[in-house]
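Trainee: any chance you could fold what I've pasted below:
(one chain, ligands or ions: 2)
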Amino acid sequence: MKLRDMPKAELHLHLEGAAPPAFIRGLAAEKGLHLSGIFDDRGAYVFDDFWQFLKVYEAATSVLQTPADYARLVSAVLEDRAADGVVYAETFLSPDFCGGGDEGAWAEYLAAMQEAAGAAEAAGGPTLRGIVTCIRHFGPDQSRRIARCAAETAGNWLVGFGIAGDERTFALRDFAWAFDCAREAGLKLTAHAGEWDGPASVAAALDHLRPARIGHGVRAIEDAALLDRLAEAGTVLEVCPGSNIALGLYPGWRMHPVDRLRRAGVAVTLSTDDPPFFHTTLTQEYARLADAFDWEEAEFAAINRAALAAAFCDADTRTRLAPRFA
Ligand code: ADE
Ligand code: ZN
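Mentor: Ligands and ions are numbered 1, 2, ... in the order given. From the prediction side, this is the model:
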């Protein structure tokens, strides 16, 4: 089977980070907004490092201003995922950008996004579920507001809570209140760690936030005892190799630790993070990994089954989708 046609499950996808640049430019033109310095000559997003990437991301996001804008974004993003063979995806949603943490405004944004996702699925597109993420560099106080937004709207569609953003700001333990609030509301948990910060950040996430999954987590490779801990606990890593390489964390595909993480017995899934920013698709990730590590269709099929097992959707949804990954 061609890699593009393989049914795929993707667990780590930032909604605004999946916005095609042409979509953002079109919306900016409609609104008469001027975006400077975020696109190159060919219209691609432009940035030199992770911290600039976060700035460009937030600048692009500034044109998304209403629930209707976000509904259109969901439709565009799902169209791209369908073309990539994705049949199940979870996407990170940020009440910070959708109403600034106001619970009433957030509920309106969420309803619009959920409706767009439902329409895409009814038309044969991928199944989508949402994970609210607080943004680390906005700080622990704001994370409490975001967790309350998530808790108020938890259900069959909004299934998870997490943290993204600049790993080098604030201590993870200061986000424990937000994670506890989300956990009590029945949300499943994931935390970005071990991307820009070292293995100790993965241990801190496990200690203080107790997530089922870690976003990235690749720098766990630097600590053998931590690898054992992840393997024993069954903590699932949402690994996004193309993102790590595009942002300069590793110099090339063969140097990426994803193969060594799997060999160490850690549960690994594959995602694209912010695909148009990193000029990638899940199909392209598979092709690069097949080249670098001689992975074959059986490896990718096993990784997709691991992703479905680690998905935050309810049991009925998992059971309904399982035959696609058999
Ligand atoms: N927000 C969007 N992409 C991200 C990443 N790779 N790490 C942290 N925060 C992000
Ligand atoms: Zn991410």
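
Trainee: from the chain's centre, how far out does stretch 19-28 sit?
Mentor: Centre-to-centre, stretch 19-28 and its host chain are 20 Å apart (C-alpha atoms, centre = their mean, to the nearest Å).

Trainee: tell me which residues in that stretch are buried?
Mentor: Ala19, Pro20, Pro21, Phe23, Ile24, Arg25, Leu27, Ala28 (16 or more other C-beta atoms under 10 Å). (C-beta placed from N, C-alpha, C; glycine too.)

Trainee: ok, the fifth one to ligand 1 distance?
Mentor: Read that as Ile24. 15 Å (C-beta to the nearest ligand atom, to the nearest Å).

Trainee: residue contacts, that residue?
Mentor: By C-beta atoms under 8 Å, 6 or more residues apart in numbering, Ile24 lies in contact with Leu35, Ala60, Val63.

Trainee: tell me the secondary structure for Arg129?
Mentor: For Arg129, the assignment made with DSSP: H, G, I helix; E, B strand; the rest coil gives strand.

Trainee: mean confidence score for stretch 300-318?
Mentor: For stretch 300-318, mean pLDDT rounds to 98.

Trainee: now it: buried residues?
Mentor: For stretch 300-318, the buried set under the neighbour-count rule, 16+ other C-beta under 10 Å, comprises Phe300, Ala301, Ile303, Asn304, Ala306, Ala307, Leu308, Ala310, Ala311, Phe312, Cys313, Thr317.

Trainee: now those residues in JSON lines, with secondary structure and distance to Ile131?
Mentor: Compiled in JSON lines, the buried residues of stretch 300-318 are given as follows (DSSP: H, G, I helix; E, B strand; the rest coil; distance: C-beta to C-beta, whole Å):
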{"residue": "Phe300", "secondary structure": "helix", "distance to Ile131": "23"}
{"residue": "Ala301", "secondary structure": "helix", "distance to Ile131": "24"}
{"residue": "Ile303", "secondary structure": "helix", "distance to Ile131": "19"}
{"residue": "Asn304", "secondary structure": "helix", "distance to Ile131": "19"}
{"residue": "Ala306", "secondary structure": "helix", "distance to Ile131": "18"}
{"residue": "Ala307", "secondary structure": "helix", "distance to Ile131": "14"}
{"residue": "Leu308", "secondary structure": "helix", "distance to Ile131": "16"}
{"residue": "Ala310", "secondary structure": "helix", "distance to Ile131": "12"}
{"residue": "Ala311", "secondary structure": "coil", "distance to Ile131": "11"}
{"residue": "Phe312", "secondary structure": "coil", "distance to Ile131": "7"}
{"residue": "Cys313", "secondary structure": "coil", "distance to Ile131": "11"}
{"residue": "Thr317", "secondary structure": "helix", "distance to Ile131": "14"}
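
Trainee: and of the buried residues of stretch 19-28, the nearest to ligand 1?
Mentor: Ligand 1 lies nearest to Ala19 out of the buried residues of stretch 19-28, by C-beta to the nearest ligand atom, at 11.4 Å.

Trainee: buried ones only from the contacts of Ile24, please, as a ChimeraX command.
Mentor: The buried residues among the contacts of Ile24 can be selected in ChimeraX (16+ other C-beta under 10 Å) with this line:
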select :35,60,63
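
Trainee: I'd like to know which of the contacts of Ile24 is nearest to Leu78.
Mentor: Ala60 (18.4 Å; C-beta to C-beta).

Trainee: contacts only, for the closest one.
Mentor: Applying C-beta under 8 Å, 6+ apart to Ala60 gives the contacts Glu16, Ala19, Pro21, Ile24, Leu35, Ile38, Tyr45.

Trainee: check Gly215 too.
Mentor: Counting by C-beta under 8 Å, 6+ apart, Gly215 touches His12, Gly162, Ala164, Thr190, Ala191, His192, Ala193, Glu195, Glu238.

Trainee: what's the farthest-apart pair in the contacts of Ala60?
Mentor: Glu16 and Leu35, at 13.5 Å, using C-beta to C-beta across the contacts of Ala60.

Trainee: helices of the stretch 151-300 of the chain, start to end?
Mentor: 176-184, 199-208, 224-233, 241-246, 258-263, 282-293, 297-310 (DSSP state H, counting those that start in this stretch).

Trainee: between the ones you listed, which one is closest to ligand 1.
Mentor: helix 241-246 (5.4 Å).

Trainee: would you map the strands across the chain?
Mentor: Counting by DSSP state E, one finds strands in the chain at the ranges 8-10, 86-93, 127-135, 158-164, 188-193, 213-216, 236-239, 267-270.

Trainee: count of residues packed around Ala119?
Mentor: The number of residues packed around Ala119, counting by other C-beta atoms under 10 Å, is 14.

Trainee: neighbours around the nearest residue to it once chain neighbours are set aside, how many?
Mentor: Nearest non-adjacent residue to Ala119, counting by C-beta to C-beta, 6 or more residues apart in numbering: Ser75, 7.5 Å away. By other C-beta under 10 Å, 17 other residues sit near Ser75.
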